[in-house]
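Q: Below are the sequence and a predicted model for it; my questions follow.
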Amino acid sequence: MFFKRQGFRLFSVFTVLAVFFCTLAGYKTFVSADVYVPSNIKVGLFYGSSAKTSVKITSERGYYAGVFNDRDFSEEKIIEDTDVIVSIAENQVVLSDLDGNVLYSESGNNGIGICPIYTDFWEERLEIDGSGYRGSLNFIKDGSGIAVINVVNMDQYLYGVVSREMSESWPLEALKAQAVCSRNYAAQNLGKHSSYGFDICANTHCQMYTGMSREAQSIYDAVDATAGQVMTYNGELCECYYAASMGSTTENVKYVWGNEVPYLISVDNSYEDTENIPNGIWSGVLTVAEVSTIMRNRGYDVGDVQKIEVLEYSPEGRVIKMRVTGNTAIKTLELEECRTVFGTVTKSQMFTVVGDGDAQGQAYVSVTDGSTLIRRRPTQLELLTSSGRSEFSGESLYTTNGQYQKVYADSYEESSANTSFTFKGSGWGHGVGMSQYGAKGMAEAGYTYDEILTHYFSGAEVTTVY
């Protein structure tokens, strides 16, 4: 089912003129040397492991077939069939009717582009194997298959993004804040997947986008009301990161990705109802076998994991240094990797971890025979002293770097080994930038979208670029 947006006529005239202008100018509307947003964006729908061997395309009035050169489309033929198949034949991308008759084939290495025939800009839409998308399509060879690329107007692209990133039932001001953030993200990441021939992908690696499947009137209103608006800082586009929830405060980017950005600092997030939202408060358990396998698969083979310790927290309470001790090696994790390495349970960096045995707080000494690293309790070692061999007889052991000292308790009692580790935390995502549930809470409290954005991106401002 295709949606018909209310009050479209004025927007349609504006957009058609804008598209015509941007076609001549290379699809970019410049405000300054540093701030621009493309009128059209290239979105990878299927590529790599998801590349298609063939795909059925449907349009109400047929197609213009031709070639895309970046975002510029050159029409070469009109296809009157409303249902066509795009596939690989004799190492070429070909467009055929449902009976297999070739209607158009690529003549170079740019694949095939098709643009649906329409009488109104709002009707520039088609279906891919039954799923609705706006804009045009570019098909290029991808190994033995076909990469399917959606070349679509930026704001129409945002209809399909905002509808996946937030619920249509959320307050309009929150949806508008999301629309601006998503526009920034798209403009900041042009060419992110240039090796595949497009700008950004349609999954969580970039931004979720499923075409027209979740479009709604509230989404149209949010995107249209903020058309051409982005966040800028000192005249440049901001990196507008966002995540579902962030607990009581957002995080300074330096404690997540290591860089310092003046508008990506920690701010209050008290309008987020963390305790009553999905994954706001979470917990999870991993067995020793599971964490050992995860570490090995990550390229950190420490043997059988015996202990996981948080070494350092950020001022806001997020884990920024964590040590994983195995029976053959020790690995220290830092910043975001503290969250992602055990990402099947750790939904944010704001967490604690506790083992189920009492080995978690015991002291160990690592010894080696020159080839293998072995961990031993101090009471299991013999010490070579000036008077000969002796056993460790103290009740504590300390380490020092000459300035700081850390004390470990020890005993002759055998400790029980950890068999599993329990992680407990709050928030869902990286914690940088805008909390989506926080934006919802602020909107419900009466804040406008620009107030929401300038709260989460300190010192930045909303700028209209087209």
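A: Now that the structure is in, tell me what you want to look at.
Q: Could you list the low-confidence segments of the chain?
A: 1-34, 358-383, 390-415 (pLDDT under 70).
Q: any idea how far the residue lying closest to D273 once chain neighbours are set aside is from S194?
A: Nearest-residue entry for D273: G441, 6.1 Å, with adjacent residues in sequence omitted and distances by C-beta to C-beta, 6 or more residues apart in numbering. In short, each C-beta sits where N, CA and C put it, glycine included. With distances defined as C-beta to C-beta, to the nearest Å, the gap from G441 to S194 amounts to 38 Å.
Q: before we move on, the earlier item: wasn't the residue nearest to D273 part of a helix?
A: Yes. Counting by DSSP: H, G, I helix; E, B strand; the rest coil, G441 is found in a helix.
Q: All the strands of the stretch 51-200 of the chain, residue numbers only.
A: Listed from the start of the chain, the stretch 51-200 of the chain has strands (DSSP state E, counting those that start in this stretch) covering 54-58, 63-69, 72-79, 83-89, 92-96, 102-105, 112-116, 125-128, 131-134, 136-142, 145-153, 200-201.
Q: Quick one: the ones you listed as TSV, columns for distance to L175 and mean neighbour count too.
A: TSV is the format used below for those (distance: least, C-beta to C-beta, whole Å; neighbours: other C-beta atoms under 10 Å):
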stretch	distance to L175	mean neighbour count
strand 54-58	30	17
strand 63-69	31	19
strand 72-79	31	14
strand 83-89	34	18
strand 92-96	38	19
strand 102-105	40	16
strand 112-116	27	24
strand 125-128	22	21
strand 131-134	18	20
strand 136-142	26	23
strand 145-153	19	24
strand 200-201	20	22
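Q: closest to V354 out of those strands?
A: When the strands of the stretch 51-200 of the chain are ranked by distance to V354, counting by C-beta to C-beta, first place goes to strand 200-201 at 37.5 Å.
Q: Who are the contact partners of Q188?
A: By C-beta atoms under 8 Å, 6 or more residues apart in numbering, Q188 lies in contact with L237, E239, C240.
Q: In contact with the second one, which residues are there?
A: Same thing as E239. E239 makes contact with N184, Q188, V261, L264, G433 under the criterion C-beta under 8 Å, 6+ apart.
Q: burial measure for the first one, as a count.
A: Using other C-beta atoms under 10 Å, N184 has 25 other residues around it.
Q: how about the nearest residue to it, chain neighbours excluded?
A: With C-beta to C-beta, 6+ apart as the measure, C240 is the residue that lies nearest to N184, at 3.8 Å, once sequence neighbours are left out.
Q: From I140, how far off is the one you found?
A: Applying C-beta to C-beta, one obtains 30 Å for the distance of C240 from I140.
Q: Could you do T274 as well?
A: Plainly put, T274 is 44 Å away from I140 if you go by C-beta to C-beta.
Q: Same question for S59.
A: Applying C-beta to C-beta to S59 and I140 gives a distance of 20 Å.
Q: Export only the CA atoms of stretch 344-357, formatted as PDB.
A: Taking C-alpha atoms only, stretch 344-357 is exported to PDB below (Å, rounded to 0.1, in the frame of the first residue of the first chain):
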ATOM      1  CA  THR A 344      25.900 -10.600  23.500                       C
ATOM      2  CA  VAL A 345      25.200  -9.500  27.100                       C
ATOM      3  CA  THR A 346      26.800  -6.100  27.600                       C
ATOM      4  CA  LYS A 347      24.400  -3.600  26.000                       C
ATOM      5  CA  SER A 348      26.400  -0.600  27.200                       C
ATOM      6  CA  GLN A 349      29.700   0.400  28.900                       C
ATOM      7  CA  MET A 350      27.800   1.100  32.200                       C
ATOM      8  CA  PHE A 351      28.000  -2.200  33.900                       C
ATOM      9  CA  THR A 352      29.600  -4.300  36.700                       C
ATOM     10  CA  VAL A 353      30.900  -7.900  36.400                       C
ATOM     11  CA  VAL A 354      31.200 -10.500  39.100                       C
ATOM     12  CA  GLY A 355      32.400 -14.100  39.000                       C
ATOM     13  CA  ASP A 356      30.500 -16.800  40.900                       C
ATOM     14  CA  GLY A 357      33.600 -18.100  42.600                       C
END
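Q: Buried residues in that stretch, which are they?
A: V345, T346, K347, S348, Q349, M350, F351, V353, G355, D356, G357 (16 or more other C-beta atoms under 10 Å).
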